[in-house]
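Novice: Okay, here's the prediction I keep looking at, along with the sequence it came from:
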Amino acid sequence: MTQSQHEVAYGKGSVLAYRTYLPPLVGIKEIPVSSFKGRSNILFATNIQVKVAGEAFRPSFSEGDNSLVVATDSMKNFIQRHLGSYNGSTMEGFLDYVARAFLNQYHQISSVELTGDLLSFEKMDVLNDEERLASELVFKQSNNEQSQASLLIERTDQSYEITKQQSSLKNLQLIKVQGNSFSGFIRDEYTTLPEDSNRPLFIYLDIHWVYEHEHDALGDQPGTYVAAEQIRDLAASIFDQTETKSIQHLIYEIGCTILSTFPQLRHVSFESQNHTWDLIVEDIPGSDGKVYTEPRPPYGFQLFTVTREDAYNRQKQQSQEGVSK
Ligand SMILES: O=c1[nH]c(=O)c2[nH]c(=O)[nH]c2[nH]1
């Protein structure tokens, strides 16, 4: 490996920037499984990480020469002030705007990688003329699932090129109380887990989606923008409708449905965790109910990327099943 292939990079994490009255996200394509119509952006609360890379920074490491160093404190100011001048409506668009501004401002930066969490604040219902309506002023911070975007832009000879772009829904925690089996797995001298024809399935999901054309992610043409809220509702709906055979099976179904719903996406990746509860009381007289508790710490996980080819084959298979019925 030559010297120039080693990474030379630095940056700032946990840059908090809260903007009020960003232009709202309107005009997205609505889908039947989701009531999501857009975001008011009355509060657009962000937690950003920036990483800048470039050979020009090597002497700051090897010789303590700071002459080309942009202080990470200045990076923080740069991001926060640019949230004031950003006129778009999405995290993806904001990251693109800031990344290009960094490259314009500092010639020594060869690439910028940004990751932004959109912190969730939900409108509270309040009494307004004897009607309960969503407040335009009072929000509650929600520590549930979060949407995130990330972007890598590199300087080329003539201009800038996006070399990585991804949107994500992180830490969606879903429980389905029945309608899930897990059976048919290898039984050998190490197997103690019984087959289960009907378990409560509790999963944590990170879902990442990548657009065919990066520009579709920005939100300035909202008809192609896919909102994390839509991905959330779609995942829940598939979970509800599917007799799951495993988490592997479930995430494949979710991925194929996301891709057939949104043709502008190239692929969808999953990181899932199994947090299925342990059974404590199986029979409650006169009730269908049971009692469960948290499982002990080791947890299983699954990683899978669903491609357009997977979705195409799934659709073909489903239409053949439809014909044979
Ligand atoms: O959905 C599951 N997939 C597995 O691979 C697995 N392994 C296990 O012990 N439980 C489960 N559940």
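Specialist: Done, it's in.
Novice: how about the residues of this protein that lie near the ligand?
Specialist: 182, 193, 246-248, 274, 300 (CB under 6 Å from any ligand atom). No exception for glycine: its C-beta is placed from N, CA and C like everyone else's.
Novice: Centroid-nearest residue for this protein?
Specialist: residue 168 (1.5 Å; CA atoms, centre = their mean).
Novice: what about it, which helix or strand?
Specialist: strand 160-176 (DSSP states H and E).
Novice: pLDDT below threshold where in the protein?
Specialist: Within the chain, the segments meeting pLDDT under 70 span 1-5, 324-325.
Novice: How is it divided into domains?
Specialist: Listed domain ranges for the chain are 3-166, 170-324 (source: automatic domain parsing).
Novice: Now render the ones you listed as TSV, adding mean neighbour count.
Specialist: Below are the domains of the chain laid out as TSV (neighbours: other CB atoms under 10 Å):
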stretch	mean neighbour count
domain 3-166	16
domain 170-324	16
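Novice: quick one on the thing from earlier: max pairwise distance over the residues of the chain next to the ligand: which two?
Specialist: By the measure CB to CB, 193 and 248 form the most distant pair in those, at 15.3 Å.
Novice: on contacts alone, who are the packing partners of the strand ranked longest in the chain?
Specialist: The longest strand of the chain (DSSP state E) is strand 131-155. Applying 3 or more CB pairs under 8 Å, 6 or more residues apart in numbering; DSSP states H and E, one finds that strand 131-155 contacts helix 91-105, strand 111-128, strand 160-176, helix 228-241.
Novice: Just give me how far it sits from the chain centre.
Specialist: Distance, stretch centre to chain centre, for strand 131-155: 12 Å (CA atoms, centre = their mean, to the nearest Å).
Novice: Neighbouring strands - and their directions - for that strand?
Specialist: Strand 131-155 pairs in its sheet with strand 111-128 (antiparallel), strand 160-176 (antiparallel), by DSSP bridges.
Novice: what angle separates the first one from helix 91-105?
Specialist: Comparing the axes of strand 111-128 and helix 91-105 via axes from the mean of the first three to the mean of the last three CA atoms, to 10 degrees yields an angle of 140 degrees.
Novice: Dump strand 111-128 to CSV, keeping only the CA atoms.
Specialist: Presented in CSV, the C-alpha positions along strand 111-128 are these (Å, rounded to 0.1, in the frame of the first residue of the first chain):
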residue,chain,number,x,y,z
SER,A,111,-13.6,14.6,0.5
VAL,A,112,-16.3,15.3,3.1
GLU,A,113,-18.4,12.6,4.8
LEU,A,114,-21.5,13.7,6.8
THR,A,115,-23.9,11.8,8.9
GLY,A,116,-27.0,13.5,10.3
ASP,A,117,-29.6,12.2,12.7
LEU,A,118,-33.0,13.9,12.6
LEU,A,119,-34.0,14.2,16.2
SER,A,120,-37.7,13.5,16.6
PHE,A,121,-40.1,16.0,18.1
GLU,A,122,-43.8,15.2,17.9
LYS,A,123,-46.6,17.7,17.9
MET,A,124,-48.7,17.5,21.1
ASP,A,125,-52.5,17.4,20.9
VAL,A,126,-53.9,20.5,22.6
LEU,A,127,-57.4,21.9,23.2
ASN,A,128,-58.2,24.6,20.7
